[in-house]
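J.: Pasting a predicted model and its sequence here:
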Amino acid sequence: MQRCDVNRCLVALAALLILAGCASNPPGAVPVKDNGASIRQEQEWMGAEPLGRQPGTPAPGMTPAPEPDAEVLVMVPPDADMPLQTGPGAVAFPGGSSGSAIVAAPPSQPPSGIPQGGRLAPDEELEGPVLALLTSARQMQSSGDLNGAASNLERAQRIAPREPQVLFRLAELRLAQDAPAQAEQLARRALTYATGRPALQASLWELIAQARERQGDPAGAAQARQRARVSS
Amino acid sequence: MKQSPSSRSRRTKPARPKRRWLGWLVKLGLVGLVILAGFAIYLDAVVQEKFSGKRWTVPAKVYARPLEVFSGLKLSQADFLRELEALGYRRTERLEGPGGFSVAGSAVELQTRGFQFYESVESSQHIRVRFANDRVASMSRPGGGELAVVRLEPLLIGGIYPAHQEDRILIKIDEVPPLLVDALVAVEDREYFQHFGVSPKSIARALWVNVSAGGLRQGGSTLTQQLVKNFFLTNERTLSRKAVEAMMAVLLELHYDKWEILEAYLNEVFLGQDGQRAIHGFGLASQYYFGQPLAELKAHQVALLVGMVKGPTFYNPRRQPERALARRNLVLDLMVEQGSLDAAQATRAKQQPLGITPRGRLADTSFPAFLDLVKRQLREDYQEQDLTEEGLRIFTSFDPLLQLKAEEALAETLQRLGNRKGVDEIEAAMVVANPETGELQALIGGRQPRFAGYNRALDAVRPIGSLVKPAVYLAALERPSQYTLTSLIEDEPFSVTARDGQVWQPQNYDRKSHGTVYLYQGLVNSYNLSTARLGLDIGVENVLRTLQRLGVTRQWPAYPSMLLGAGALTPMEVTGMYQTLANGGFNTPLRAIRSVLGGSGEPLKRYPFEIQQRFDPGAIYLIQNAMQRTMREGTGRSVYNQLPTTLSLAGKTGTSNDSRDSWFAGFSQDLLSVVWLGRDDNGATPLTGASGGMQVWARFMAKADPMPLETPVPDNIVLAWVNAYTGEGSAEHCPDAVQMPYIRGSEPRPGASCGIPPAESVMDWVRGWLN
């Protein structure tokens, strides 16, 4: 609008003259108002609006579920701030020094958790896409975006549907989302895939115990705690 | 206004003397000016109200699942290229930006486009994917490290349109290729950036042309006027409308800057008709004609779209390719004239073909059955107006690769069966789901899957025949103290008399009886006599309760005929029932929608994964074992004519009376599919479950390359050696000894060792069985 070209100014002048001839606004007419700026603002706001957190915001007074006592079975480093893409050696080869020659060689075996001919992943640290997604889910959960975290965990579940650690994380998240019945069911599903992994079994039973407490079933919770002790 | 302009002017009478005449004229002029000013103010309000609010309603867009690529993914290179092609990626020698790919042997290099998903934005990435043995062997950034997981953007599979069927993809002015703006201005309105809404120069020129040609040949409309015409006014061609249009154009230019008006124009302009659907705006037109986002268009594509503004029907590149090509090349010439292209660029562009995608690729009609399902689920949660106007983005689990394979399997099988009498009149339905997540991946609602209409997958309620039998046997196997897989049952004729005096006398399909059989054989060979006897012993009520726990919600009367599948279900309901069997006894509501984003990208709703344990994993393990034997040695064995014998599968055939319904339901580890064939008029068909539905199923499985079924052995299952002929306990290395699973405590007592190697522990057996 700074540079007022001739045409535009002429029109503006003409309009002004016409308006000047009017003693007042005719009845029923809407007064002229310049709305141009507000449109621009609205569009910018629409474009730059951050991904809303509303659906995932935890209810007031509800804190995210306590982090499980990590140790063996919690696959994601709790302080992980890894991006989805793995840098050289970072996620795909845990512990490997970055930039080493190993990186160039493609993994001879696909990452754990991904079903290969139906066999279960061995009890070991996760890697590759499942680890990346679990890491990103943990970040979202700790920043309060529980729905985003659940969405990423379900992506991991699609990649590794029989990996009990993914189901375990989903169960934890459901507990944090105040859905203890679902948390228990997911933990039970995880148990069917956790044969021969006592530490994971114990954590799952502990989670079931918490879920039952939240559902007002102290007796069931005690039973689950009993199983947790037997498993560990 | 108290007096309308026309009544006022009619009452004024021509003046007699000259001086008075002049006075009247001045007064009249003043009055006219006031009226005109009032009218201008009114028009101004109209312009601003419509332009400052929500300018367009945008129909909801429905997306397929995004392809998630990672090292180890089961995906053939051919399927990957099929997906890229469906997404409108261009194959080039060297990558030139998003939406392009190149192939070198078993490696594909591409640049993804980036996309906003429910939980995060996936940015555009340059990746290299290497394939080996129908899997992704590695994925890396060229010159960089391995990548864990990359999502392609999802295929748009349809929209939810309002009654007037106006569709568009809104674009922002900064996404528009500068060349498009240059071309549009060059062709439609050269003075656009100089004029104030109307262009006296163009009007004068148009007037000159029209007068010298003696008729209406050329309009002097500016882009602003064209926008005003489309946006605020009707289509009539009168001088007064023209005047209103000009006034509104000037008013619009007073309030909004050139780029804003241009953005509105680019989104509003009509660029074609797709059946009932009107294609508005360059964003949608780019997808509709080229299958690509607007930002990726090259000069020849831009020129074609700009050329079409003059007459989208007349220059329709699908119907009138020669006309469209000539128009495109004319636009390219104009672009050279205006300096936005050099002559060499234009020559190269003119050598390009039109490059139009095959018709209907993005049409609402591509996958009507699945879209119908999505709409039904959405209507439970949203108002119709939200769906047709708010620009929602619906993310589904639809897998276009599996859908195309299912469609091909159906078409090929029907063609193969075509020489049988009566196959012409057969209709079909098919459901494909992931049993572990409950996500629906493909859906066929009729023999012609591209045509919308009666969605048999959701609406055809048909007797399920022997598909019901796993429920009978599951109900038995849940009582390990009474029944095991090797319990002996009678397959002999019998009859029962109901309270009302009706006699029910079941028969085997082959009209024979088979004497005493193992319990599992009754299911594996689909014997009616032994199944009915078993079901009556357990109680019809108990079998119906088992069906409900499997997920069947229909209320059926407890008639004995229910044991042989007199009850009717839709293919979708059968899928729900078999999902519980396939997923270790955990029921998951089948889902088609994953999440919904609002019009400006804000997360609205998620449909989370939910499960409920309905059965003991041990009992499910046993029924799955029997259903695997059905495929190996029973009614399903002919699937291995089409499939490798290493592939463990479980399933069940179903045939209703007089072969009116030909069913098959079965699953691998990662794929569950139900097929129904039959006639809409419920007439007899020449097909049984095995010769009809199962053939489609097997062909689909052969294309889909599923993972073999391998359920982990539950804690309460033991494997015991039994004599294949007596069912009595035996031991390894004994003659006729076979291994069978039992719920712990229900296995027969081990027989005497036959000596050769020392007996092994149960855990070793389990391990041996697993390997």
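T.: Received the coordinates, thanks.

J.: what's the domain layout of chain A?
T.: A:77-94+A:124-161, A:180-232 (automatic domain parsing).

J.: In TSV, list those along with mean neighbour count and distance to chain B.
T.: For the C-beta atoms, the positions are set from N, CA and C on the backbone; glycine is no exception. Below are the domains of chain A laid out as TSV (neighbours: other CB atoms under 10 Å in any protein chain shown; distance: least, CB to the nearest CB, whole Å):
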stretch	mean neighbour count	distance to chain B
domain A:77-94+A:124-161	22	4
domain A:180-232	20	5
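
J.: and B:Ala243, which of these is closest to it?
T.: domain A:77-94+A:124-161 (54.5 Å; CB to CB).

J.: Quick check: mean pLDDT of the closest one?
T.: Mean pLDDT, computed over domain A:77-94+A:124-161, is 73.

J.: if we can go back for a sec, which of the domains of chain A sits closest to B:Ser286?
T.: Among those, domain A:77-94+A:124-161 sits nearest to B:Ser286 (CB to CB), with 29.2 Å.

J.: Identify, by residue count, the longest helix of chain B.
T.: The longest helix of chain B (DSSP state H) is helix B:18-52.

J.: quick one: the following helix or strand past that helix near chain A?
T.: Proceeding N to C from helix B:18-52, the next assigned helix or strand is strand B:60-63, under DSSP states H and E. No. Strand B:60-63 does not reach chain A (CB under 8 Å from any CB of the partner chain); its nearest approach is 14.4 Å.

J.: elements contacting the longest helix of chain B?
T.: helix A:6-21, helix A:36-48, helix B:5-11, helix B:223-232, helix B:239-255 (3 or more CB pairs under 8 Å, 6 or more residues apart in numbering or on different chains; DSSP states H and E).

J.: Now do the longest one against helix B:18-52, angle only.
T.: Pointing back at helix B:239-255 there. With axes from the mean of the first three to the mean of the last three CA atoms, to 10 degrees defining the directions, helix B:239-255 sits at 60 degrees from helix B:18-52.

J.: Just the C-alpha atoms of the next helix or strand after helix B:239-255, please, in CSV.
T.: Downstream of helix B:239-255, the next assigned helix or strand under DSSP H and E is helix B:258-268. Taking Å, rounded to 0.1, in the frame of the first residue of the first chain, the C-alpha atoms of helix B:258-268 are listed here in CSV:
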residue,chain,number,x,y,z
LYS,B,258,-2.8,-8.3,-5.5
TRP,B,259,-1.3,-11.5,-4.1
GLU,B,260,-4.3,-12.2,-1.9
ILE,B,261,-6.7,-11.7,-4.8
LEU,B,262,-4.5,-13.9,-6.9
GLU,B,263,-4.5,-16.6,-4.3
ALA,B,264,-8.3,-16.6,-4.1
TYR,B,265,-8.4,-16.7,-7.9
LEU,B,266,-6.1,-19.8,-8.0
ASN,B,267,-8.3,-21.6,-5.5
GLU,B,268,-11.6,-20.6,-7.0
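
J.: Show me which residues of helix B:258-268 are buried.
T.: Buried residues in helix B:258-268, counting neighbours by 16 or more other CB atoms under 10 Å in any protein chain shown, are found at B:260-268.

J.: just stretch B:379-394 next, same as before
T.: Applying 16+ other CB under 10 Å to stretch B:379-394 flags B:382, B:386-394 as buried.

J.: end to end, how far does that stretch reach?
T.: With CA to CA, to the nearest Å applied, stretch B:379-394 spans 12 Å between its terminal residues.

J.: Okay, now the unreliable bits of chain A?
T.: A:1-125, A:232 (pLDDT under 70).

J.: Poorly predicted segments of the stretch 201-350 of chain B, please.
T.: B:210, B:213-220, B:235-237.

J.: In TSV: the buried residues of helix B:258-268, plus distance to chain A.
T.: Below are those laid out as TSV (distance: CB to the nearest CB, whole Å):
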residue	distance to chain A
B:Glu260	7
B:Ile261	11
B:Leu262	14
B:Glu263	9
B:Ala264	10
B:Tyr265	15
B:Leu266	14
B:Asn267	12
B:Glu268	15
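
J.: B:Leu36: which of these is nearest?
T.: B:Ile261 (23.6 Å).

J.: From B:Leu305, how far off is the closest one?
T.: 19 Å (CB to CB, to the nearest Å).

J.: quick one, the longest helix of chain B and helix B:258-268 angle?
T.: Using the same axes, to 10 degrees: helix B:18-52 against helix B:258-268 is 70 degrees.
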